[in-house]
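Asks: using only what follows, build the 3D model:
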Amino acid sequence: MFEFNQDDVMTFVHDHAIPWSINIVTALLIFIIGKIVVKILVNLLGKVLGRTKLDDILVDFLKAIANALLLLIVIIASLDQLGVDTTSMIALIGAAGLAIGLALQGSLQNFASGFLLLVFRPFTAGDYVEAGGTAGVVKTISIFTTTLHTPDNREIIVPNGQIYNGNITNYSKLPTRRVDLVFGISYDDDIKKAKEIMERVVKADERVLADPAPQIAVSELADSSVNFVVRPWVKSADFWPVKFDLIENIKLAFDENGITIPFPQMDVHADVPVTQESEAA
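Replies: Here you go, the predicted model:
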């Protein structure tokens with residue numbers, strides 16, 4: 001039978017059991033206290049970021065990243081207390097991160113672009129933008145994608161990398177916009193009369209801003225018409241209603257005053273060969 005030697009037991013307890021127990025308890029304390037400290041620091045970070053103008057999505061994302069990194073430090077410290085070789089573990093984590101990064105290049109690009117979009121804010125929810133090869137009203141901006149709603153009520157989800165790496169046109173960013181219209185009249189019509197009609201119609205629309213003043217001028221002597229540019233300034237929200245109304249109202253005013261908008265014309269000359277029969281006739 002196996003006999004216990006009291007001296008061996010005491011030696012084992014003194015040399016192994018007590019140090020291991022102390023290390024385990026210390027590692028647990030490090031982990032528990034570390035989690036509490038991490039939670040306090042993350043909440044403090046959230047309060048600081050909450051006082052800034054950063055988007056709530058970005059604030060939550062930064063808090064999640066800070067929480068993950070701090071917890072990783074706490075776990076490494078706990079494992080180090082247990083005697084685990086954390087140097088090789090850190091190297092392993094770095095290699096795994098590199099491999100994952102290479103495998104997810106597209107997703108990481110969208111992630112980085114989403115982060116930059118939330119930081120620099122070239123547009124916000126509710127803006128009408130043209131970006132990523134499409135246009136629509138911005139509904140949500142997430143870390144990886146941006147959701148747009150088109151005027152005909154379609155939902156388009158665009159990767160953030162595609163948006164950030166291209167041109168972004170924000171039609172809602174500035175408070176005012178200029179409406180650019182072109183009207184052509186016949187060469188036989190009275191230019192001054194046509195200009196007065198357009199000025200009267202533009203001035204009658206209360207949505208047109210007085211400052212900057214609307215511009216109405218002859219822009220081109222085209223092949224079949226004298227072209228005018230009509231450029232009133234309006235609030236950004238009134239752009240499309242004013243544009244549609246001015247086109248209709250100016251056309252109706254032209255009709256009432258005998259101003260014609262000519263159709264494009266092309267004169268075709270055909271040479272008819274003379275035959276013997278036509279000469280005999």
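
Asks: and what about Val230, helix, strand or coil?
Replies: Secondary structure, DSSP: H, G, I helix; E, B strand; the rest coil: Val230 is strand.

Asks: could you pull out the strands for the stretch 101-250 of the chain?
Replies: With strands called from DSSP state E, counting those that start in this stretch, the stretch 101-250 of the chain shows them at 128-131, 134-141, 145-149, 155-159, 169-170, 176-178, 181-185, 215-221, 226-231, 233-235.

Asks: ok, which of those comes nearest Val119?
Replies: strand 134-141 (11.2 Å; C-beta to C-beta). Where you see a C-beta, it was placed from the backbone N, CA and C, and this is true even at glycine.

Asks: so which elements touch the closest one?
Replies: Judged by 3 or more C-beta pairs under 8 Å, 6 or more residues apart in numbering; DSSP states H and E, the packing partners of strand 134-141 are helix 105-120, strand 128-131, strand 145-149, strand 155-159.

Asks: just put the strands of the stretch 101-250 of the chain in TSV and tack on distance to Gly114.
Replies: Shown next, in TSV, are those (distance: least, C-beta to C-beta, whole Å):
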stretch	distance to Gly114
strand 128-131	13
strand 134-141	7
strand 145-149	8
strand 155-159	9
strand 169-170	17
strand 176-178	28
strand 181-185	38
strand 215-221	41
strand 226-231	37
strand 233-235	31
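
Asks: and the helices and strands packed on strand 134-141 as a markdown table, adding mean neighbour count?
Replies: Below are the helices and strands packed on strand 134-141 laid out as a markdown table (neighbours: other C-beta atoms under 10 Å):
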| stretch | mean neighbour count |
| --- | --- |
| helix 105-120 | 16 |
| strand 128-131 | 20 |
| strand 145-149 | 20 |
| strand 155-159 | 15 |
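
Asks: export these to JSON lines and tack on mean pLDDT?
Replies: Output for these, formatted as JSON lines (pLDDT from 0 to 100):
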{"stretch": "helix 105-120", "mean pLDDT": "78"}
{"stretch": "strand 128-131", "mean pLDDT": "94"}
{"stretch": "strand 145-149", "mean pLDDT": "93"}
{"stretch": "strand 155-159", "mean pLDDT": "94"}
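
Asks: what's the closest of those to Trp20?
Replies: Closest among the helices and strands packed on strand 134-141, using C-beta to C-beta: helix 105-120, at 41.6 Å.

Asks: send me that closest one as PDB with only the CA atoms.
Replies: Output of helix 105-120 as PDB, limited to C-alpha atoms (Å, rounded to 0.1, in the frame of the first residue of the first chain):
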ATOM      1  CA  GLN A 105      -9.100  43.500 -46.000                       C
ATOM      2  CA  GLY A 106     -12.400  44.600 -47.600                       C
ATOM      3  CA  SER A 107     -14.300  44.600 -44.300                       C
ATOM      4  CA  LEU A 108     -11.500  46.400 -42.500                       C
ATOM      5  CA  GLN A 109     -11.500  49.000 -45.200                       C
ATOM      6  CA  ASN A 110     -15.200  49.500 -44.700                       C
ATOM      7  CA  PHE A 111     -14.600  49.600 -41.000                       C
ATOM      8  CA  ALA A 112     -11.900  52.300 -41.200                       C
ATOM      9  CA  SER A 113     -14.100  54.300 -43.700                       C
ATOM     10  CA  GLY A 114     -17.100  54.100 -41.300                       C
ATOM     11  CA  PHE A 115     -14.900  55.300 -38.500                       C
ATOM     12  CA  LEU A 116     -13.700  58.300 -40.600                       C
ATOM     13  CA  LEU A 117     -17.300  59.100 -41.700                       C
ATOM     14  CA  LEU A 118     -18.500  59.200 -38.100                       C
ATOM     15  CA  VAL A 119     -15.500  61.300 -37.100                       C
ATOM     16  CA  PHE A 120     -15.400  63.900 -39.900                       C
END
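
Asks: can you name every helix or strand that that helix contacts?
Replies: helix 56-81, strand 134-141, strand 145-149, strand 155-159, helix 160-164.

Asks: try 6 Å this time
Replies: Where contact means 3 or more C-beta pairs under 6 Å, 6 or more residues apart in numbering; DSSP states H and E, helix 105-120 is packed against helix 160-164.
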